[in-house]
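# Prediction below, plus the sequence it came from.
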Amino acid sequence: MKNTLRLFACLLLTASLAAAGCNLFAGAYLIAHGPEKTPAVFTLPKEASVVIALDDRGSVVPQRNLRDVIGKTAEEEILAKELVREMVAARLASAVMSRERAGVPMGIAEVGKAVNADVVIYIVIDQFTLSEDGQTLSPVAAGRVKVIDSKTGKRLGPAENGPADYYPLIVRLPPQGSTAPSTTNQLQQLQDLARLTGVYVSRMFYDAEIMTAPTKLQEPRR
């Protein structure tokens with residue numbers, strides 16, 4: 001009797017699916033396979049200690065604490081995903097880089113060695129603004145990312161024989177109004193953009209769910 005009921009239930013489910021059409025089958029496919037994902041640009045060595053080194057010699061980011069927010073957010077996200085054994089605090093790398101002699105930049109591998117990190121995620125910040133035209137609130141952060149082995153000084157990612165010297169990092173939100181950022185909440189908006197940038201950095205190193213660009217200054221879905 002149980003087998004008969006089980007067979008009837010299966011037949012009923014099959015008939016229901018057929019009657020529902022393609023959309024239901026598409027939904028069933030998503031349940032089985034999950035949402036599409038963007039692949040990681042580079043897989044970090046699991047057992048390595050890693051540090052994020054933010055290079056902002058041009059003072060593109062208006063405040064030092066915002067650079068700290070970018071680095072800390074990225075390292076927290078990477079640790080939360082258990083991508084590596086250890087993350088060395090990005091602020092330590094920043095402190096080392098701040099001691100560079102004028103006109104004599106320290107090598108990336110040297111920075112990694114100075115903070116006892118096996119691998120350096122090196123990020124050059126090229127753009128960080130709440131308004132590109134000075135008229136509208138349209139946050140943008142952009143930079144270049146590469147991964148360096150501290151021991152050998154070799155570039156792990158992108159591959160040294162590859163077509164590019166770095167991975168592009170772009171965080172661009174659609175215009176959020178017809179007016180420029182107000183002085184009353186500008187600091188909060190800058191901190192939100194810094195946190196968002198840190199999240200985007202971390203997403204470069206694992207297969208992340210495809211998402212539409214957030215319409216406001218808030219962290220995207222992981």
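That came through fine. All figures in this text were calculated on a predicted structure; none of them were measured in a lab.
# Am I right that residue 176 sits in a strand?
No - read with DSSP: H, G, I helix; E, B strand; the rest coil, residue 176 is coil and lies in no strand.
# What is the neighbour count of it?
17 (other C-beta atoms under 10 Å). Bear in mind the C-beta positions are built from the backbone N, C-alpha and C, glycine included.
# Check residue 57 too.
10.
# Pull the contacting residues for it.
residue 105 (C-beta atoms under 8 Å, 6 or more residues apart in numbering).
# my read is it is in a strand, agree?
No - Residue 57 sits outside any strand when classified using three-state DSSP, being coil.
# Please report how far it lies from residue 100.
To residue 100, residue 57 is 9 Å away according to C-beta to C-beta, to the nearest Å.
# now swap in residue 173 and tell me
Distance from residue 173 to residue 100, counting by C-beta to C-beta: 33 Å.
# between the two, who's got more neighbours?
Higher neighbour count among residue 173 and residue 100: residue 173, with 20 against 13, using other C-beta under 10 Å.
# Find the nearest non-adjacent residue to the more buried one, please.
residue 139 (4.7 Å; C-beta to C-beta, 6 or more residues apart in numbering).
# That neighbour reaches residue 186, doesn't it?
No - Residue 139 is beyond contact range of residue 186, at 11.1 Å (criterion: C-beta atoms under 8 Å).
# more neighbours, these two?
More crowded of residue 139 and residue 186, by other C-beta under 10 Å: residue 139, with 25 against 14.
# Please list all residues in contact with that one.
129-131, 171-173, 176, 189, 193, 196, 217.
# go on, residue 86?
48-50.
# Columns neighbour count and secondary structure on top of the residues you listed, output as TSV?
Formatted as TSV, the contacts of residue 86 follow (neighbours: other C-beta atoms under 10 Å; DSSP: H, G, I helix; E, B strand; the rest coil):
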residue	neighbour count	secondary structure
48	17	coil
49	17	strand
50	24	strand
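# Nearest to residue 63 among those residues?
Distances from residue 63 to those, taken as C-beta to C-beta, are shortest for residue 50 (24.8 Å).
# partners of that closest one in the sheet?
Under DSSP bridges, the beta-bridge partners of residue 50 are residue 87, residue 119.
# do you know how far the residue nearest to residue 117 when sequence neighbours are not counted is from residue 163?
Leaving aside its sequence neighbours, residue 117 sits nearest to residue 51 (C-beta to C-beta, 6+ apart; 3.8 Å). Using C-beta to C-beta, one obtains 27 Å as the distance from residue 51 to residue 163.
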